[in-house]
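S.K.: Would you be able to build a 3D model of this:
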Amino acid sequence: MDLVDNHREKCTQCGQCLDVCPMYDDIDLLERLYGYLESNSEIDPDSFLSCLTCGLCGEACPEGLGIKMLISPARQKWVGEHGLTDRQTLMDPDAENNLVKKVAEMSEVPEFRVGKGSVVYFPGCASGYINTNMAKAAVALLEKAGVDYTVISGVEYCCGAVSAGAGNPGPIRRNGQKNIEEVRKRGGKILVTTCPGCFKAFKEMYPRMFGDPGFEVLQISQYLERLVREGKLKPEKVLENRVFYHDPCHLTRGMGVYREARELLEGIPGTVLANKTPENSACCGFGGGVRLNYPSESLAVASDRYRVAGELGCGLIITNCAGCMQNLVEAGLDGESGKIEVFDLAEYLALSFGIEIERDDGKMLEVVNTAYRLCVSGYGKNDSP
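M.R.: Alright, predicted model coming up:
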C-alpha cells in the first residue's frame, strides 16, 4: 500500500492535526495533497510550502499520521516538475545564491581549531556563520573541559538537511559521504553537532544513505550533559533566573532528544526551569522554509513563545537550535515580549563558568535579512513564494 492509500485509509479527518497546527486550518488540505501526489490534480504551492515540518500534527493524530508525512513527497514532486528555484537552492553550498556565502561577505566569520581530535565539533552553517555565539559557546565549553577536539566548519561541509527538506536532495547526496570521510580523517570517535538538522543528517540520514559511519553522533546538549555527569564540567556561578526551555521541533519531536538540556539547566545553581517536560511544546515558526516564504507569519508564531514564557513567570527563553534562536530573537523586537531575553543553551551554561560570549543580535539580524533579500527574488513581498 502506498503512502497516499495508507494515509487515506487510516485518516478519519477528525481535525486534531489542525487543532495544534500554527499554519493550516482547512481539512480539505488532505484531499488536495492526496490528489496532487496521485498525479491527477494541480495544487497551489502554498498547500505544502506553509508547513513548518514541526511534527505537532503527527503527535496529535490518534493514528500517528498527521500532515507532515505528505509534505516532503509533495515538495519533491513539485521540484521534479517545475525545477529548483532560488528558494530551494538558498542553502546549497554550490549555488550562486547560497545564503551562508552572502552572510560571510558581510560579517566576520569565526575561526576554529583545525587538525585532529577524538571529538569533532560540527557547528553547522547557521551556528558557524549566523548565530556564531552558539558555536563560540560550545567551543569555550570544550576548552574548559579539556576535550581533545577539532572543528569542521565551512559552507563546503554543509550537511544538506535543510536543502533536502526544501525538496532539493542534491547537497546531502554530494556532501554526505565526504563529511563522513572528513570526520574519520580527523580521527573523530565522537561527532558533536549544534544544529538539530545536522544531528539528524549524521545520526539518521547519512547511515541510511551511506552505511554506518563508525563514530558516535551526539547533539551538543547530549555531549555537554555527559561532560557534566563525568565531572569534567561543573557549573561554578549562581545564575538566579526562572527560565523557559524552548524545545526545537526537529530535536525533540524529530529525534527524541529533550532530557539532557533540561538536566543541564536544572544543574545550574540558582536556575529554575519552568517547563520540566516537553509536553505541549510548540514551534518557533522558523522551520520548513516558512521563515523564508512567509516571514510575517513565521515571526507571529515565534511571538507566541514569549506569551507562554511570560505566563510561566520566566525572564529567559533558552533554546538549542540556530533557527529557533534567530526567529525568537527577531520576534522579541516587536515590543510586546517584555523583558524576556533569549539565550542558547551552551551560551547560558558558559555563563555559569563566568564565560560571556560576545554577541550583537542587531547586526546578526541586519546581515541575515539583507542576505535573504540579495539571495531570494521577491523576498518578503506579500509573504508568498
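
S.K.: Just give me the neighbour total for the residue nearest to residue 157 when sequence neighbours are not counted.
M.R.: What sits nearest to residue 157 in space, not counting adjacent residues and going by Cβ to Cβ, 6 or more residues apart in numbering, is residue 179, at 5.7 Å. Just so you know, the C-beta spots here come from the backbone N, C-alpha and C atoms, and that holds for glycine as well. Neighbour count of residue 179, defined by other Cβ atoms under 10 Å: 25.

S.K.: And residue 179, how far from residue 153?
M.R.: Relative to residue 153, residue 179 is positioned 12 Å away (Cβ to Cβ, to the nearest Å).

S.K.: re the thing from before, could I get the contacting residues of the residue nearest to residue 157?
M.R.: For residue 179, the contact set (Cβ atoms under 8 Å, 6 or more residues apart in numbering) comprises 152, 157, 159, 202, 206.

S.K.: And those residues, which is closest to residue 52?
M.R.: When the contacts of residue 179 are ranked by distance to residue 52 (Cβ to Cβ), residue 159 comes first, at 19.6 Å.

S.K.: my hunch is that that closest one is in a helix, does that hold up?
M.R.: No: the assignment for residue 159, made by DSSP: H, G, I helix; E, B strand; the rest coil, is coil rather than a helix.

S.K.: and the residue nearest to it when sequence neighbours are not counted, what does it touch?
M.R.: Closest residue in space to residue 159, ignoring its immediate chain neighbours: residue 201 at 4.0 Å, by Cβ to Cβ, 6+ apart. By Cβ under 8 Å, 6+ apart, the contact set of residue 201 is 159, 160, 161, 172, 176.

S.K.: Name the SS class of residue 201, please.
M.R.: Recorded secondary structure, residue 201: helix (three-state DSSP).

S.K.: before we move on, what about residue 263?
M.R.: Residue 263 - assigned by three-state DSSP - is helix.

S.K.: tell me the secondary structure for the residue lying closest to residue 261 once chain neighbours are set aside?
M.R.: Leaving aside its sequence neighbours, residue 261 sits nearest to residue 221 (Cβ to Cβ, 6+ apart; 4.3 Å). At residue 221, secondary structure determined by three-state DSSP is helix.

S.K.: can you check residue 343 too?
M.R.: strand.

S.K.: Do I have it right that it meets residue 315?
M.R.: No: using Cβ atoms under 8 Å, residue 343 is not in contact with residue 315; the gap is 10.6 Å.

S.K.: the more surrounded of the two?
M.R.: Shown here are residue 343 and residue 315; by other Cβ under 10 Å, residue 343 has more neighbours (24 against 15).

S.K.: Would you mind stating the distance between that one and residue 221?
M.R.: For residue 343, the distance to residue 221 equals 13 Å [Cβ to Cβ].

S.K.: again with residue 43
M.R.: Here residue 43 is placed at a distance of 38 Å from residue 221 (Cβ to Cβ).
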